[in-house]
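1. after the sequence you'll find the predicted model.
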Amino acid sequence: MIQIEFTSGTRRPPLSSAIPLDAGRRYGLLAGRKILLVEDEALVAVEIELALQMQEALVIGPAMDVSLAVKLASEAIFDGAILDISINGGDALLVADILTRRDIPFLFHSAHGQRVRGLSKYDAAPVCSKPIPADQLMSHLASILQTA
C-alpha cells in the first residue's frame with residue numbers, strides 16, 4: 001500500500017497494490033524513488049508497477065484518467081514520471097506541461113511513439129514505444145533521473 005504525500009501537507013488514503021512491494025528486489029536502480037505512473041491500460045500498468053517495485057521504487061498511481069493524472073502531477077511529491085500519451089479523458093500532454101513547470105523529469109511510454117503532435121516541446125523527455133521490455137523502460141527512467 002502506498003500513501004500519496006501532497007505538497008499541501010495532506011495525505012491521501014493508501015492505494016492498494018496487487019503486487020507486493022518486496023517482489024523481485026534484484027535491481028534497485030530506482031531504489032527509494034517515487035514515480036508517478038500515468039497509464040490507462042490496467043495490464044500495462046500492473047506490468048510497469050511490478051517493474052518499478054522490482055527496482056525498489058515507490059509507485060504513485062497509476063493514474064488511469066486525465067483528471068487524476070493532473071491532480072497527482074500538480075499536488076503529489078515524486079521524483080519522476082512515466083506517461084502514456086493517450087489516456088482516458090484525453091492525452092497526458094497537460095500532465096507533461098505541469099511536470100515541466102515543476103522541473104520533474106519524465107518519459108513518454110506510448111504505442112503512438114513520435115507520431116503524436118506536440119511532443120517536440122518536450123525534447124528532454126524520451127519516447128519509449130510500446131511494447132518495450134520492462135528492463136529497458138526502467139533503464140530509460142533511471143537515466144533521466146540521474147541527469148535531472
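-> Perfect, I can see it now.
2. restricting to C-alpha, output the strand or helix carrying L72 in PDB.
-> For L72, the host element (DSSP states H and E) is helix 66-75. Coordinates of each C-alpha in helix 66-75 appear next as PDB, following Å, rounded to 0.1, in the frame of the first residue of the first chain:
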ATOM      1  CA  VAL A  66      -6.600  12.800 -17.200                       C
ATOM      2  CA  SER A  67      -8.300  14.300 -14.100                       C
ATOM      3  CA  LEU A  68      -6.400  12.100 -11.600                       C
ATOM      4  CA  ALA A  69      -3.200  12.400 -13.600                       C
ATOM      5  CA  VAL A  70      -3.400  16.200 -13.500                       C
ATOM      6  CA  LYS A  71      -4.200  16.200  -9.800                       C
ATOM      7  CA  LEU A  72      -1.300  14.000  -8.900                       C
ATOM      8  CA  ALA A  73       1.100  15.800 -11.200                       C
ATOM      9  CA  SER A  74       0.100  19.100  -9.600                       C
ATOM     10  CA  GLU A  75      -0.100  18.100  -5.900                       C
END
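3. and the helix or strand following that helix, how far from the chain's centre?
-> Downstream of helix 66-75, the next assigned helix or strand under DSSP H and E is strand 80-83. Chain-centre distance of strand 80-83: 3 Å, with Cα atoms, centre = their mean, to the nearest Å.
4. fine by me, we can end here.
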